[in-house]
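Participant: Kindly return the folded structure for what I paste below:
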Amino acid sequence: MNIQCMRVIVVVCCIVYNTPVLAITLVPPILPPDEGYCFIQNYVDVSPMQGGQDFHTRSRSYSRHKGTDFRVSYDAMLAGVDVVAAADGRVLRTRDEMKDVYFSSGESNVAGRECGNGVVIDHGDGWHTLYCHLKKDSVLVKAGDVVKAGSVIGQVGLSGKTEFAHIHFQVSRDGEIVCPFSGACMGAMAAGRCKLFVQHPSQEPLWEDSSEEVLQYVPSQVLRAVYLNSRPHSAQEILQRPNSVNVLKSGHMPLVFSAVTAMLQEGDMLILELKTVEGILLAEKTVHITHYTAQRYDYIGKKDSSQYAGTILEGYVVLRRNGAQVFEHRARMVVQ
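Facilitator: Sure thing, here's the model as predicted:
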């Protein structure tokens, strides 16, 4: 073999050796609804430290969280939000009989079935995806079915261990969890066992198009702010209240302004105020956030609404961070 031929072989070998292993390419596992919100609530925990850390090195996760939570509004869930296969593959197993109920209600035993209704898809080369908390009787595939990326496999629900309508989307390779936003394995979760897998040297995401709106890192926000005639006992009571209600009857009953907020950061200051349209302050509350909070509910008000008959009220929810305002949400109500 001549020297020139040997050089060609060496060059080819080097190119093959340094070419990154082709990884899976994913489309978002959810089709955003026409109405209501749709965003990522929690990300894969990529930190070995207690408490959780997302790929942005922020706290939008919790300890040992293995997936990405795509959240939708309660109203959108009821109307139907499609969940799709994130890549071509073959269905391994499904479950479809669990009820859609909030886990805190205690109505359903989820021991060993925390995922709720779900689908597992094998994409070959050791890649699997998992879709949890699907709506009861919505799963459209069965074990053995071949699916294409973007094909509908079910709908977002409230089954299993969950406190909000969403799908938990989980990616793994050879049994190890992979963060779809970095292409890296969660090696820190089990030191010495999980070999770091990187799709490209730059740790690019696995998404086919990471610019899609549903994949964006959204800020802290108000999910719902409503008026009630009683003190709410859970975030669910507020989230299920129609936004369109803007008239409240007066009487010898409480007048309550309530709100559900999400993704609050340590050090944030959350403020609720209830005023007349003339600016007279009726009630207020200030909360200093001491740790990352995925969701919380708060309320303020008056014990007797009868004295406010014929009054127009305005409720405010304000979030401040490092002296700057993150958001201000205003909700108006007419007391009859």
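Participant: Point out where the stretch 151-300 of the chain drops to low pLDDT.
Facilitator: Within the stretch 151-300 of the chain, the segments meeting pLDDT under 70 span 186-203, 243-246.
Participant: can you give me the helices in it?
Facilitator: 235-239 (DSSP state H, counting those that start in this stretch).
Participant: And the strands in the stretch 1-150 of the chain?
Facilitator: Shown for the stretch 1-150 of the chain, the strands assigned by DSSP state E, counting those that start in this stretch span residues 38-42, 68-72, 82-84, 89-95, 117-124, 127-134, 146-147.
Participant: just how off-centre is the third one within its chain?
Facilitator: Pointing back at strand 82-84 there. Centroid displacement of strand 82-84 relative to its chain, using Cα atoms, centre = their mean, to the nearest Å, is 15 Å.
Participant: what would the strands of the stretch 1-150 of the chain look like in TSV with mean pLDDT and distance to residue 61?
Facilitator: For the C-beta atoms, the positions are set from N, CA and C on the backbone; glycine is no exception. Below are the strands of the stretch 1-150 of the chain laid out as TSV (pLDDT from 0 to 100; distance: least, Cβ to Cβ, whole Å):
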stretch	mean pLDDT	distance to residue 61
strand 38-42	93	5
strand 68-72	96	9
strand 82-84	98	21
strand 89-95	98	25
strand 117-124	98	20
strand 127-134	97	16
strand 146-147	98	28
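Participant: nearest to residue 325, of the ones you listed?
Facilitator: Residue 325 lies closest to strand 38-42 among those, at 20.3 Å (Cβ to Cβ).
Participant: Residue ranges of each domain in the chain, please.
Facilitator: When the chain is parsed into structural domains using automatic domain parsing, the resulting residue ranges are 24-215, 221-335.
Participant: looking at the strands of the stretch 1-150 of the chain, which is closest to residue 26?
Facilitator: strand 127-134 (7.7 Å).
Participant: Let me know which of the domains of the chain is tucked in deepest.
Facilitator: Comparing these by mean neighbour count (mean count of other Cβ atoms under 10 Å), domain 24-215 comes out on top with a mean of 18.
Participant: Check the separation of the first and last residues in that one.
Facilitator: 17 Å (Cα to Cα, to the nearest Å).
Participant: just how off-centre is it within its chain?
Facilitator: Distance, centroid of domain 24-215 to centroid of chain: 9 Å (Cα atoms, centre = their mean).
Participant: Which pLDDT value goes with residue 61?
Facilitator: pLDDT recorded at residue 61 is 81.
Participant: My error: substitute residue 325 in the last question.
Facilitator: For residue 325, the model assigns a pLDDT of 96.
Participant: Kindly report the same for the one 3 residues further on.
Facilitator: Model confidence at residue 328, given as pLDDT, is 96.
Participant: what residues are up against it?
Facilitator: 316, 317, 318, 319 (Cβ atoms under 8 Å, 6 or more residues apart in numbering).
Participant: Recalculate using a threshold of 10 Å.
Facilitator: 222, 271, 316, 317, 318, 319, 320 (Cβ atoms under 10 Å, 6 or more residues apart in numbering).
Participant: same deal with residue 271?
Facilitator: 284, 285, 286, 287, 298, 316, 317, 318, 319, 320, 325, 328.
Participant: beta partners of the fifth one?
Facilitator: Spelled out, that is residue 298. residue 259 (DSSP bridges).
Participant: From residue 265, how far out is the residue lying closest to residue 59 once chain neighbours are set aside?
Facilitator: In space, and not counting its chain neighbours, residue 59 is closest to residue 292: 3.8 Å by Cβ to Cβ, 6 or more residues apart in numbering. Residue 292 sits at a distance of 6 Å from residue 265 (criterion: Cβ to Cβ, to the nearest Å).
Participant: Name the residues contacting each of those two.
Facilitator: Joint contacts of residue 292 and residue 265 (Cβ under 10 Å, 6+ apart) are 58, 59, 60.
Participant: Same list (those residues) but as JSON lines, adding distance to residue 240.
Facilitator: Converted to JSON lines, the shared contacts of residue 292 and residue 265 look like this (distance: Cβ to Cβ, whole Å):
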{"residue": "58", "distance to residue 240": "29"}
{"residue": "59", "distance to residue 240": "28"}
{"residue": "60", "distance to residue 240": "25"}
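Participant: which among those gets closest to residue 173?
Facilitator: Nearest to residue 173, judged by Cβ to Cβ, of the shared contacts of residue 292 and residue 265 is residue 60 at 23.0 Å.
Participant: Just list the residues touching the closest one, thanks.
Facilitator: Residue 60 neighbours (Cβ under 10 Å, 6+ apart): 40-43, 45, 52-54, 69, 217-218, 220, 263, 265, 292, 294.
Participant: from these, which is closest to residue 117?
Facilitator: residue 69 (15.5 Å).
Participant: correct me, but that closest one touches residue 45?
Facilitator: No: counting by Cβ atoms under 10 Å, residue 69 does not reach residue 45; the two are 11.7 Å apart.
Participant: For those two, list the residues in contact with both.
Facilitator: Between them, residue 69 and residue 45 share the contacting residues 60, 61, judged by Cβ under 10 Å, 6+ apart.
Participant: Alright, I will stop here.
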